[in-house]
Structures are given as structure tokens and as C-alpha cells.
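Undergrad: Okay, sequence plus prediction incoming.
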Amino acid sequence: DRLKSRIRSGDPMAALLSSNSSRRNNNPNSFNAGQQAQQNNSKPVYKGPPPAPNRFGIQPGYRWDGIDRGSGFEKKYLEAQNTKKADSEERYKWSVSDM
């Protein structure tokens, strides 16, 4: 336990684990600086009709023109998932309907 609490000079995690919080806030490579940069995100965002859902929940880029040029796989995949879920719910309801 005593050896774990000791801070070594070559430790890359020493900056994050140090108790000196002011040193951490002034360091541009610290985790808090990264969070502040993400909050001040000034990247352009897509503004247009809502996109079709996809299996990863990825939002379209700001240059997207709103036309789906895919092969239809995502639509078939999501329909199959929804059908499977609805069928399983219906089978469950039918099996417990007489209880």
C-alpha cells in the first residue's frame, strides 16, 4: 500500500493522480482541458430533415444533402430487428394470457 501511494518521476499517470488540482487545470494536456474543448465545440452541425435511423446512431455530417444513397440494408436490418422483437413480445403475451 505504501509503494502504491508513492509518486514516481517517470509515471505518465502521475499528473492525473496528483493532489495539486491547480497544476492539473493549467496543463493543456489534462483531462479537464479536453472536456472544456468539447463543450466549446464550434463545428457545424447538419440542419435539415431528420435522417433515417441507423444501427449505430451516427448523425449525418453537416454537408449531407438529405438523400439516402445506400443499398437499403440499414432499413431491412432495423425492420428485421423490430419484427423479431414484436414477435417475441406477442409470443410471450400469448403464453401468459391464460394465467
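TA: Perfect, thanks for sending it.
Undergrad: was I right about Ala14 contacting Ser5?
TA: No. The pair Ala14 and Ser5 does not pass the contact test of Cβ atoms under 8 Å, sitting 11.8 Å apart. Yep, even glycine has a C-beta here, placed from its N, CA and C like the rest.
Undergrad: Tell me which of these two has more neighbours.
TA: Set side by side, Ala14 and Ser5 show more neighbours around Ala14, with 11 against 7, by other Cβ atoms under 10 Å.
Undergrad: So for the more buried one, what's the pLDDT?
TA: At Ala14 the predicted local distance difference test score is 77.
Undergrad: Return the residues in contact with it.
TA: Ala14 sits next to 7-8 when contact means Cβ atoms under 8 Å, 6 or more residues apart in numbering.
Undergrad: Would you list the phi and psi of it?
TA: Geometry field for Ala14 lists phi and psi as phi -60, psi -40, criterion degrees, to the nearest 10.
Undergrad: ok, now Phe73?
TA: Phi and psi for Phe73, reported as degrees, to the nearest 10, are phi -60, psi -40.
Undergrad: quick one: low-confidence parts of this protein?
TA: 18-41 (pLDDT under 70).
Undergrad: Who are the contact partners of Arg55?
TA: Residues 74, 77-78 are the ones in contact with Arg55 under the rule Cβ under 8 Å, 6+ apart.
Undergrad: Now, those that are in helices?
TA: In helices, judged by DSSP state H, the following of the contacts of Arg55 are found: 74, 77-78.
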